[in-house]
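Novice: Any chance you could fold what I've pasted below:
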Amino acid sequence: MATSILTPTSITEPLPVDAIFAPGAPLEVDVGAGKGRFLLARASANPDVCYLAIERLLGRVRKIDSKLTRNGLANVRIIRLEAFYALQFLLPPKRIRTVYIHFPDPWPKRRHHKRRLFSPEFLDILHDRLETGGTVQIATDHLDYFEAIRKAFARDTRYREAAPIPRKPEEQTDFELIFRGQGKPIGECAYQV
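Specialist: Numbering: from 1, shown residues only. Sure, this is the predicted structure:
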């Protein structure tokens, strides 16, 4: 199998999702896919669903690509970019069924909070990219950030709270395994458009 890494031909035009994946197939996006533990388990269990991993670190992108090749998974592609940019410019409107955001950088210092992913602008982009009824699934070990995320969604009337999906042990991310092993609580929530 060739590489699963996508290289956009334009930096401002949406990817031809229905040419890359099966036309009309459900598309789910894993933002900050890390080493791909969640993504690979999910893609293996759901071969009729198409998955796009967004990860900015090259080492992680290569690791995911290698695992995909070893496991023969053809329903996953990876793009190496910042999540905000990739969602804003490279994904078509109303095409994503689910966005997974597990353990985003909490930027815990108050002066860094402006760098957090869940800004009003990001909620706008999510709303534009999610299909009607689509969901965003979120998990974090940083409970202050978790509360800030919940408040951001509560202020936006375009979203309604939904049940977070239960993640099987093999679908837990590497960070999640570490945090659960340390006995840290995990904040989980989901929102639907």
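
Novice: going forward, measure contacts between C-alpha atoms and count neighbours the same way
Specialist: Fine.

Novice: Could you point out the helix or strand that follows the helix or strand of the chain with the lowest mean pLDDT?
Specialist: In the chain, the helix or strand scored least confidently by mean pLDDT, DSSP states H and E is helix 174-181, which has a mean of 88. Scanning forward in sequence from helix 174-181 by DSSP states H and E, the next helix or strand is strand 187-192.

Novice: contacting residues around that next one?
Specialist: 133-143, 146, 150, 153, 159-164 (Cα atoms under 8 Å, 6 or more residues apart in numbering).

Novice: Could you export that strand as CSV, CA atoms only?
Specialist: Output of strand 187-192 as CSV, limited to C-alpha atoms (Å, rounded to 0.1, in the frame of the first residue of the first chain):
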residue,chain,number,x,y,z
GLY,A,187,-13.6,15.0,31.3
GLU,A,188,-15.7,13.8,28.3
CYS,A,189,-18.4,15.7,26.4
ALA,A,190,-20.0,15.8,23.0
TYR,A,191,-22.0,18.4,21.1
GLN,A,192,-24.2,18.0,18.0
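
Novice: What are the boundaries of the strands in the protein?
Specialist: Counting by DSSP state E, residue ranges of the strands within the chain are 5-6, 27-31, 50-54, 76-79, 96-102, 130-140, 160-162, 187-192.

Novice: averaging pLDDT over each of the ones you listed, which comes out lowest?
Specialist: Among the strands of the chain, strand 5-6 carries the lowest mean pLDDT, at a mean of 92.

Novice: Just give the strands next to it in its sheet, each with its orientation.
Specialist: Paired strands of strand 5-6, with direction, are strand 76-79 (parallel) (DSSP bridges).

Novice: Run through the residues that contact Ile64.
Specialist: 35-36.

Novice: what separates it from Pro104, distance-wise?
Specialist: Applying Cα to Cα, to the nearest Å, the value for Ile64 to Pro104 is 18 Å.

Novice: which residue of this structure sits farthest from its center?
Specialist: Of all residues in the chain, Arg111 has its C-alpha farthest from the mean position, at 25.3 Å, by Cα atoms, centre = their mean.

Novice: any idea how far Phe146 is from it?
Specialist: For Arg111 relative to Phe146 (Cα to Cα), the value is 18 Å.

Novice: And for Gly187?
Specialist: When Gly187 is compared with Phe146 (using Cα to Cα), they lie 6 Å apart.
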